[in-house]
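Engineer: predicted model, plus sequence, below.
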Amino acid sequence: ESIIGTDAGDRGMKALIVPNDLHQAAITFTSLTPKSYVVILSGFPCCVNHSPPTETDGPPGAISIARTALSLGHKVILVTDECNEIVFRAAAECLPDIEFEIFPDEKSMKKEDEERMKTLVEKKCDLVISCERAGPAKDGVCYTMRGIDMNEKGLIAPIHKIVDMARDLRPEVKYIAIGDGGNEMGMGKVIDRIRNSDKIKDGDKIGAVTVCDFLIAASVSNWGGYALSGACAVVKNDEENGDDKEAWVDKLVPSEEEEVALLERCVKMGCRDGVSGQMEATVDGMPLKTSMECLRNIREAGN
């Protein structure tokens with residue numbers, strides 16, 4: 001938590017940290033029965049005037065989590081919006097076993113889409129993890145940090161309903177959320193802190209209201225994904241009373257080289273930095289080396 005909670009972007013995320021939630025999330029993740037279904041929700045189409053509108057924060061973190069799940073013997077279903085599909089498929093090229101569920105924007109949802117979502121929850125959902133997933137505010141709208149309505153732009157699929165359905169149909173299914181700005185799914189757990197923050201502009205308007213079981217607040221959501229993978233490596237090693245943490249880290253956490261290649265694939269498909277708006281391998285306005293330093297520190301902490 002100390003590695004990812006530095007508030008590198010000075011956006012007030014330190015106030016959103018819930019102590020010990022990272023550890024509890026890792027325990028929940030690693031305690032799944034063999035061959036469970038891990039449903040990963042991601043996609044934050046904040047570059048609203050571009051196609052695709054996908055930002056570079058989200059895909060790397062989601063794929064890190066997917067790597068962890070697959071390496072632990074589970075099945076992975078990655079859920080995102082139609083507008084983000086091309087980027088996430090490029091990101092997932094390194095993990096061909098990932099299954100995809102792609103949904104249209106809310107106004108284009110049909111009855112068969114709703115049924116497909118319900119079937120996913122009923123039959124293929126043992127743990128839900130969101131990483132940098134746009135979350136509806138109190139008025140039901142998903143906003144960018146600048147307060148732009150992404151629903152109005154036709155970019156948001158209502159995949160937050162997966163969490164709502166799981167609570168009704170499968171209450172035993174836990175929900176882990178990762179975010180960095182207060183407007184991501186899961187941030188409802190700390191909504192009062194978001195609304196009272198001096199650093200989160202219009203927190204009352206943009207604050208996401210969906211509540212999670214375990215919240216991983218990070219300076220950058222990708223870093224939260226890396227941290228969850230790293231924490232799982234530590235938990236697995238401890239469970240086995242082992243002294244080979246390095247092997248677990250190599251198994252569950254991506255390398256710097258893999259992450260650079262992943263980001264390059266995403267940018268090639270049109271992915272952009274969500275802060276600068278530039279089509280480049282930077283994340284939230286920070287140079288690539290900053291993210292790689294964080295990943296390096298997480299890997300070293302796990303060893």
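Structural biologist: Okay, I see it. Numbering: from 1, shown residues only.
Engineer: residue 249 contacts residue 296, doesn't it?
Structural biologist: No. Taking C-beta atoms under 8 Å as the definition, residue 249 is not a contact partner of residue 296, at 11.2 Å. For glycine as for every other residue, the C-beta is placed from the backbone atoms N, C-alpha and C.
Engineer: of the two, who's got more company?
Structural biologist: Here residue 249 and residue 296 are compared on neighbour count by other C-beta atoms under 10 Å; more neighbours surround residue 249, at 23 against 15.
Engineer: that one sits in which helix or strand?
Structural biologist: Using DSSP states H and E, residue 249 sits within helix 245-252.
Engineer: contacts only, for residue 288.
Structural biologist: Contact partners of residue 288, counting by C-beta atoms under 8 Å, 6 or more residues apart in numbering, are 260, 263, 281, 282.
Engineer: okay, the third one: pLDDT?
Structural biologist: If you check residue 281, the pLDDT there is 95.
Engineer: dump the residue contacts of it.
Structural biologist: The contact partners of residue 281, taken as C-beta under 8 Å, 6+ apart, are 56, 260, 263, 264, 266, 267, 288.
Engineer: over to it. Which of the three states is it?
Structural biologist: Using DSSP: H, G, I helix; E, B strand; the rest coil as the criterion, the local structure at residue 281 reads coil.
Engineer: just give the nearest non-adjacent residue to it, would you?
Structural biologist: The spatial neighbour of residue 281 that comes closest, neighbours along the chain excluded (C-beta to C-beta, 6 or more residues apart in numbering), is residue 263 at 4.2 Å.
Engineer: surely the one you found is in contact with residue 56?
Structural biologist: Yes. With the criterion set as C-beta under 8 Å, residue 263 and residue 56 qualify as a contacting pair; they are 6.3 Å apart.
Engineer: common neighbours of the two, please.
Structural biologist: Shared between the contact lists of residue 263 and residue 56 (criterion: C-beta under 8 Å, 6+ apart) are residues 271, 281, 283.
Engineer: ok, those residues vs residue 121, which is closest?
Structural biologist: residue 271 (28.5 Å; C-beta to C-beta).
Engineer: what's the burial count for the closest one?
Structural biologist: Using other C-beta under 10 Å, residue 271 has 30 neighbouring residues.
Engineer: contacting residues around it?
Structural biologist: For residue 271, the set of contacting residues under the criterion of C-beta under 8 Å, 6+ apart consists of 52, 54, 55, 56, 59, 87, 263, 279.
Engineer: what about these, which are in helices?
Structural biologist: Judged by DSSP state H, helices contain the following of those: 59, 87, 263.
Engineer: quick check: the gap between residue 241 and residue 234.
Structural biologist: Here the distance between residue 241 and residue 234 works out to 13 Å (C-beta to C-beta, to the nearest Å).
Engineer: what helices or strands is the longest helix along the chain leaning on?
Structural biologist: The longest helix of the chain (DSSP H) is helix 221-239. With contacts defined as 3 or more C-beta pairs under 8 Å, 6 or more residues apart in numbering; DSSP states H and E, the packing partners of helix 221-239 are helix 21-30, helix 59-71, strand 127-133, strand 174-179, strand 214-217, helix 245-252, helix 288-302.
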